[in-house]
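Asks: Model the following, please.
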Amino acid sequence: MKNIAIFCGANVGDSPIYRKAAIDLAHWLAQHNYGLVYGGGAVGLMGEVALTALKLKVPVTGIMPEFLKNQEISADNLDAFIVTKDMDERKQKMMALSNGCIALPGGPGTLEEISQAYSWARVDQYDWPCAFYNVNGYYDLLEQFFDKMVEEGFLTKYDRRHLFFSDSLDDIYEFMENYEKF
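Replies: Here you go, the predicted model:
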């Protein structure tokens, strides 16, 4: 079984469309027989994905650093719950246990996590696809920024095609299943 690391907000956002997208993503995981690797929380979009995935019998692994375990509400009844010493170890563990990653809408932490996974893929430290689930155009400006990196010579066209933005889970599935490593 493949596992997908999901990076997303510890908040649900101001529009119900984001909560629905998190629930849709959990159904997508179940439909394609993917396991879930995520931040371990029971709140926000991460909680929506995980709790829905558990109801659908998707294997769920939560990974949370010790300091957050004492601050956040962690999810119960996960198939595995791993406590790490810090955020860096958490990201390393999430990537080690996954075969791809998807970012739902979120804040700076979500952006940092998916950016690191993509950056590591570019230098042969993470061999799996990275995709932004671009719900409600949330990541439109970021997609334009990555295109600007290509225009300005800071990112090659070859490397840019390894990062995917879409509001379609079907298209994300196709990207992930047909991904060609760097």
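
Asks: Spit out the contact partners of the nearest residue to E143 once chain neighbours are set aside.
Replies: Nearest non-adjacent residue to E143, counting by C-beta to C-beta, 6 or more residues apart in numbering: F165, 4.3 Å away. Using the backbone N, CA and C atoms, a C-beta is placed for each residue, glycine as well. F165 is in contact with A131, F132, N134, Y139, L142, E143, counting by C-beta atoms under 8 Å, 6 or more residues apart in numbering.

Asks: Partner strands of the helix or strand harbouring F165, with direction?
Replies: According to DSSP states H and E, F165 maps onto strand 163-166. Partner strands and pairing direction for strand 163-166 (DSSP bridges) are strand 130-133 (parallel).

Asks: roughly how far out does the partner strand sit from the chain middle?
Replies: From the chain centre to the centre of strand 130-133 is a distance of 7 Å (C-alpha atoms, centre = their mean, to the nearest Å).

Asks: pLDDT of it, averaged?
Replies: Averaging pLDDT along strand 130-133 gives 98.

Asks: Alpha carbons of that strand, as CSV, please.
Replies: What follows is strand 130-133 as a C-alpha-only set of coordinates in CSV (Å, rounded to 0.1, in the frame of the first residue of the first chain):
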residue,chain,number,x,y,z
CYS,A,130,4.3,16.7,-4.6
ALA,A,131,0.9,18.2,-5.4
PHE,A,132,-1.1,21.2,-4.3
TYR,A,133,-4.9,20.5,-4.0
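
Asks: Check which element follows that strand along the chain.
Replies: Moving toward the C-terminus from strand 130-133, the next helix or strand (DSSP H and E) is helix 140-151.

Asks: Can you list the helices and strands that the helix or strand following the strand holding F165 packs against?
Replies: Helices and strands here follow DSSP H and E; after strand 163-166, the next one along the chain is helix 169-177. Counting contacts by 3 or more C-beta pairs under 8 Å, 6 or more residues apart in numbering; DSSP states H and E, helix 169-177 packs against helix 16-31, strand 130-133, strand 163-166.
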